[in-house]
Structures are given as C-alpha cells and as structure tokens.
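# Fold the following.
(chains A and B)
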Amino acid sequence: MKIELNGEARDVTGPTLADALTELGWGVARVATAVNGNFVPKTVRAQTPLKDGDRLEVLAPMQGG
Amino acid sequence: MRDFYGITLDIPLMLGTAQYPSPAVMESAFRQSGASVATVSLRREGGQGQGFWDIIRGLGVHILPNTAGCYSAREAITTAHMARELFDTNWIKLEVIGHADTLQPDPFGLLEATEALAADGFDVFPYTTEDQVLAARLLDAGAKVLMPWGAPIGSGLGLNNRYGLKTLRAAFPDVPMVIDAGLGLPSHAADALEMGFDAVLLNTAVAQAGDPVAMARGFALAVQAGALARQADPMAPRDMAVPSTPVVGKAWL
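Predicted structure coming up:
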C-alpha cells in the first residue's frame, strides 16, 4: 500500500503498523509513532492496521533546547 | 528548597542539547556545567536518533523532552505523548508557540494543552511569559512548575522584563519557577537566581559560545553564586552613599 512516511511517499506491505516498522528497519529501534496525527503507543502497533494514504510519522530522540 | 515534581537539583541549571559544534563538545559542556537536567526533542527519524539516545543516557541526567515547534495544543499534546513513550518520563517542557518571529507562547493553546496533559498524568513545565493571570490559570490547570521566559528564545538578551518577572516571583512564592529562554550571559543567570528563581534553562548561550565548555562552566558558577546570594539575604539598595569605613576615630590632619 502507498503511505506517507515522514512526509515522503513509500510503499509498504503491512498490514499492521508493527509490520510496516519492521519492514522499514525500525522493528527494534527507539521510535515513537503517530498515524494521521494521532499517537499510536508501542503496545498497540501490532493491532493497528495501515491503509492506503495513511500518514505515518516515526520520531526519534533528537537534540533540543 | 522548591523542587521540580519531587526532584531537587544540586546545581540549578537545565541545559539544552542542540546546536553544539559536536557531540563530544556537548558532553564536555554538560560535565562542566554540572547541569542535572537535559532538554531534548523528537524529530523524524533520519538515522541519528538512536546514537543520540545513547549519548543522552550516558550523561546520567534527568531528561526533559520539549514540544518545540508546536503551534497548536493538539500538536503539542500528541508530541508530549510520543515523548513520554520515547524518553520514558512524565516530564514535558510544554511549548505552544504563538508567533514565528518572537517564538512567544500562545497563552490559549498553552493553557489548553497544560490542562489536558496534567489530567493525563504528565509533569508539565509550561514555557510561558511573565503574565501573572496566565500563570494563575496554568497552576489551576495542574502545572506545578512555571517556566517564564527571560527574553525570546535564542535572543541572548537576558531578563527582558525584570519588573514583570519580579512581580511574578512575588505573586507565587511557593511555586518552583525556571527562567527559560533568552539568556546570553552567566550574569543573566546569576540575576535570575538572585531574584529568587529556582533554576535557569538555556541552550544557545552555551552551545553557540566560541568555547561552549568554558561558557558552561561560567554558567555553573553563576547559578551557584546567584543561589548563594539569594540565600544570604542581599542588602537593600539605597540612593545615597553611606561610608563603609568607620567615621569615628578619623585623624584630624
């Protein structure tokens, strides 16, 4: 399916958010996720299906003030 | 001593982690500053996030994630939830920005987000102005710490409205307050502590100094000097000179 990952178009198989993260190489990474602007906790990624056109944000720890 | 959600700081300094010339300089600056709180953010994972996480954990300090760059309560609330999971802390430096040029807080969005996050168990550190009415509302909404700005973020101007800050400090004597943003020099930090603020939070003043490590040390000494001065109960200023050397016993020459 075609989703938007961190602002860029990507093809993923899915069907769940957990599957997509593994596919993208972030299976064990320390990241936080949001789908269509809503936070999806780590514990429910495996129960969160993705669909065409979903907007996925994958955030990581970063420098900040 | 006023604490921050149960945490007291050995050195009343919170330091940002952005804009250093290198991670090694950042680490040295932290060691020299003695800061026991590090502010961090969340950004789209581009490959550096995991390494940065390891560096931050290695500092052994409290982590204070921010919601920098959020322009609405909704955005800030979602970011806070992501930060809580990512950094494993209830602490959140809540920024809801109202204007791109001044980076000043949007008081309405800030209040809305504070209310929602405090109700959800977050320990909210709202980045606010010296506005006393807003401060009262934020406290009513569940914030137990306030972070009034010194001056606009990154400006280095120091305490832009000393009168307003002094009034704010006096209005809520039991509330822990951190001067957040706008400091440029250690003397600004000392000034804040002398005025009775409980800590300062800064980033650019250290990170963008010619020698960030030396500047970090300068700020560490300044906040300690300021805190000591506050405890020591400073003399009251007066308009006229009063000789400090005894007048009695002066020779007739």
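# Quick one: low-confidence residue ranges for chain A.
Across chain A, nothing is flagged by pLDDT under 70.
# hey, which strand is longest across it?
strand A:55-63 (DSSP state E).
# tell me the contacts of the residue in chain A that chain B sits nearest to?
In chain A, the residue that lies nearest chain B is residue A:60 (2.4 Å; C-beta to the nearest C-beta). For glycine as for every other residue, the C-beta is placed from the backbone atoms N, C-alpha and C. Contact analysis of residue A:60 by C-beta atoms under 8 Å, 6 or more residues apart in numbering or on different chains lists A:29-32, B:42-46, B:48-50, B:52-53, B:86.
# Among these, which lie within helices?
Judged by DSSP state H, those include B:49, B:50, B:52, B:53, B:86 as members of helices.
# Let me know whether the first one touches residue A:30 as I believe.
Just to be clear, that refers to residue B:49. Yes: Residue B:49 lies in contact with residue A:30 (C-beta atoms under 8 Å); the separation is 6.9 Å.
# For the most centrally placed residue in chain A, list each beta-bridge partner.
Centroid check for chain A by C-alpha atoms, centre = their mean gives residue A:56 as the closest residue, at 4.7 Å. Beta bridges link residue A:56 to residue A:5, residue A:35 when assigned by DSSP bridges.
# That one contacts residue A:1, doesn't it?
No: between residue A:56 and residue A:1 there is no contact under C-beta under 8 Å: 10.9 Å.
# Do you have the helices of chain B handy? List them.
Along chain B, counting by DSSP H, helices occupy B:23-33, B:49-59, B:73-87, B:107-119, B:132-140, B:162-171, B:186-194, B:204-207, B:212-231.
# For chain A, which of these is the nearest?
helix B:49-59 (2.4 Å).
# quick one: stretch B:121-140 to chain centroid distance?
14 Å (C-alpha atoms, centre = their mean, to the nearest Å).
# Does chain A have contacts with it?
No: Stretch B:121-140 is not in contact with chain A by C-beta under 8 Å from any C-beta of the partner chain; minimum separation 10.5 Å.
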